[in-house]
Each structure stands twice: as C-alpha cells, then as structure tokens.
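Asker: how would this look folded up:
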Amino acid sequence: MRALLLSKSAEDEFSHAVVELTDDDLPEGDTTVAVEYSTINYKDGLAITNTSPIVRRWPMVPGVDLAGTVISTESESLKVGDRVVCNGWDVGEKHWGGLAERARLQAEWLTPLPDDFSTYHAAAIGTAGYTAMLCVLALERNGVTPDSGPVVVSGAAGGVGSVAVAILAKLGYDVIASSGRVDAEGDYLRSLGATDCIAREELSEPSSRPLGSARWAGGIDVAGSHTLANMLAATHPGGCVAACGLAQGMDLPGSVAPFILRGVALVGVDSVHESPERRTEAWERLATDLDTSLLDSMVTEVGLEDAPGVAEAIVAGQIRGRVVVDVAR
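Answerer: The predicted model follows:
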C-alpha cells in the first residue's frame, strides 16, 4: 500500500514522502478500510507543511477524511463490503489518517454512507461539508429560518463556506458570502446560490463598536477573531451564529452586547468529536439538501503525489472549494 508519511528525526527535522507500507505497519483498530478517496482540508495543509503542531504522534499518515469500503472488521455494527466515511476523531493527528490506500480504525469512528452518495462524493463533502451541515443544523435548532432574514458565511470560497452557501441556498435562505477573493470568486459564489457577496475586510477589520446595524439573522463563521466579533455585532435580535473555525485567530475581541442586548446566540460546532447520532443526521441531511452537481463544481481531483503541493496552496488561501485525493493515483 502507498501512503503519504510525515516524519520527524531525532533532531526534530521534518520530512514527508509517499512510501510503500504493509498492513503490519498500520496502527491498532478493529476495522480495516480500503481507502478510495481522501481530501486536503486546511488542517491537513497545516500538518503536511508542518506550519502548526497538528500532528501529535510520529510518524503520521495525514488525512482527516477518508471514504472507502470495509475489508475486515471485528465489529458487529459493520460488515465486509460496507461503504463508510470517516471524518475527524483525531485521525491524521493522533491516529493514521486517510492519505493512504488502507486505514485501520475503530468501528465507532465510521459512518455508513447513505445510498445516494458514492465514495467520491462522500470525500468531496468530507469534514468541510459535514461541518457546514452541522452549522446549518445549529442555526435551525436556534430558530433561524429562511423567513428570519439573510445568513452570512465567512470564508465562503473555501471548503466549509462553499458547501454552506450551497446548502443554505437550496433551503431557501438569502446568503451573503464573505470572501477575500470577491473579484475572482464572485461568479463562483453566485453560481452556488449566494445572493450577495461582500469583501472579507468588512468583517475582518478591528472595530471599536460593540454593536453595529443589524444585517443578518444568522451566520456561519470559519475565521474567529475580529471576523466572528463583527459578525455577532451585526446579527439581528434573537439570531444565531455558528462558529466552526479559527482561520483568523482563536481570540474573540468583541463585547457581550450582542448577547445581552439582542439575545444573539453563539453556538460552537465541534465536528471532530461529534456524536455518531448527530453525524448520521448530518449525512442524511446532506443527501437531501446538497445538490451533487453543485458539489462537483466545487471539486478539484488530485493524486497522492500531489498532496504536498496542494497543502501549501490551501495554507496560502489559494484553493477554491474542495480537493479530493484519489489515493490510487
């Protein structure tokens, strides 16, 4: 089996290479999956470029996503031949991930695929799309409906943002897409269903105002820091913002004013350790609420050897939508 392996020497020198491994090299687990597709997410980019301490065990096969077929299992919940997807659970960080032709995992980390999805589309959705769906579910649970008003999405041209825009638009929401590449990506975002596009700087710059004019009923934020603070400050009374990322920073330099003067809800979305029940709900909703033809328009497909170059590009903010890795290429 081929795999992308990240290594550190005794002198702390980092390296990556596509290598040949055997099943004996795989970590412990009760289920082995023949991986067909993986992806490159932002977290994978950080791991493969070694620009952030994502990896916590060495050596490591990165890849927080994988989709494939069960080839052996000790679990009663799965059987050989089942098509499954894995998102999160610290794979690619503490446990070998999906950028390999086989993976050995725990059965409870695997979600059976709805019949509507191929393994290719499951990987195309990946952690990014599954996280976007969790965010939409959070808005719904907090009473944000299409009749409530617009929903703003930060990082809209990225993986989470692209899927979020497409889902929200199909559900009937007016979507305001925020991007640092509005001139280059405006047509793309409107093709996904965005009704308006705004420059990233409208949200990302520091503000001294604890509240702004109410502009949207809800938001999905991948950035954190000033972007999240400004998104909250412009949310309608009773609205909700779902936060799932920290691309701008882990800080929240804002005020309690949106919470106590407008009753705005801030909901954190943890896609890594979400319950199996909520994961199944998200994938079932993705099967009905995401147009796969739009999904196809978001995807770039590459081979395993291409992963390091894509990782550099995604960290630099140069990737649109989703990148699927055919691990057999």
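
Asker: what about Val267, distance to Thr32?
Answerer: 36 Å (Cβ to Cβ, to the nearest Å). Heads up, the C-betas are built off the backbone N, CA and C, glycines and all.

Asker: Give the bridge partners for the residue nearest to Gly29 when sequence neighbours are not counted, please.
Answerer: Spatially, and ignoring its direct neighbours in sequence, Gly29 is nearest to Arg104 (3.9 Å; Cβ to Cβ, 6 or more residues apart in numbering). Taking DSSP bridges as the rule, Arg104 bridges to Thr32.

Asker: now swap in Gly68 and tell me
Answerer: Beta-bridge partners of Gly68, as defined by DSSP bridges: Val35, Val84.

Asker: Could you count how many residues lie near it?
Answerer: 27 (other Cβ atoms under 10 Å).

Asker: for Phe259, same thing?
Answerer: Based on other Cβ under 10 Å, the number of other residues close to Phe259 is 13.

Asker: show me the contacts for it.
Answerer: Leu232, Ala265, Leu266 (Cβ atoms under 8 Å, 6 or more residues apart in numbering).

Asker: so what pLDDT did Asp115 get?
Answerer: The score at Asp115 is 86. That number is its pLDDT.

Asker: Distance of it relative to Arg83?
Answerer: 9 Å.

Asker: Between the two, point out the one with more neighbours.
Answerer: The residue with more neighbours, out of Asp115 and Arg83, is Arg83; 19 against 8, by other Cβ under 10 Å.

Asker: residues touching that one, list them.
Answerer: Applying Cβ under 8 Å, 6+ apart, the residues contacting Arg83 are Ala67, Gly68, Thr69, Val70, Pro112, Leu113, Thr119, Ala122.

Asker: Mind giving me the ChimeraX select for these, buried ones only?
Answerer: Per 16 or more other Cβ atoms under 10 Å, the buried members of the contacts of Arg83 correspond to this ChimeraX selection:
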select :67,68,70,113,119,122
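
Asker: Out of the contacts of Phe259, flag the one nearest to Leu139.
Answerer: Ranked by distance to Leu139 (Cβ to Cβ), the contacts of Phe259 are led by Ala265 at 9.4 Å.

Asker: Report the secondary structure element holding the residue lying closest to that closest one once chain neighbours are set aside.
Answerer: Spatial nearest neighbour of Ala265, excluding adjacent residues (Cβ to Cβ, 6+ apart): Cys240 at 4.2 Å. Secondary structure assignment for Cys240, by DSSP states H and E: strand 235-243.

Asker: got it, and Leu6?
Answerer: Counting by DSSP H and E, Leu6 is found in strand 2-8.

Asker: Grab the most central residue of this structure for me.
Answerer: Centroid-nearest residue in the chain: Ala128, 1.8 Å away (criterion: Cα atoms, centre = their mean).

Asker: Sort out which residues of the helix or strand hosting that one are buried, please.
Answerer: Taking DSSP H and E as the criterion, Ala128 maps to helix 119-141. Neighbour counts using 16+ other Cβ under 10 Å place 119-139 of helix 119-141 among the buried residues.

Asker: Determine the set of other helices and strands touching whichever helix or strand comes after the strand holding Leu6.
Answerer: Using DSSP H and E, the helix or strand that follows strand 2-8 towards the C-terminus is strand 14-20. Counting contacts by 3 or more Cβ pairs under 8 Å, 6 or more residues apart in numbering; DSSP states H and E, strand 14-20 packs against strand 2-8.

Asker: Distance from the chain centre to the strand it packs on, please.
Answerer: 22 Å (Cα atoms, centre = their mean, to the nearest Å).

Asker: do stretch 249-264 as well
Answerer: Put simply, stretch 249-264 sits 24 Å off its chain's centre (Cα atoms, centre = their mean).

Asker: which other helices and strands contact the lowest-mean-pLDDT helix or strand in the chain?
Answerer: In the chain, no helix or strand scores lower on mean pLDDT, DSSP states H and E than helix 292-298, which sits at a mean of 91. The contact analysis (3+ Cβ pairs under 8 Å, 6+ apart) places helix 292-298 against helix 119-141, helix 159-170, helix 182-192.

Asker: Pull out the buried positions in the next helix or strand after the last one.
Answerer: Right, helix 182-192. Downstream of helix 182-192, the first helix or strand assigned by DSSP H and E is strand 196-199. Residues Cys197, Ile198 are the ones in strand 196-199 that count as buried (16+ other Cβ under 10 Å).

Asker: Fine, thanks again, bye for now.
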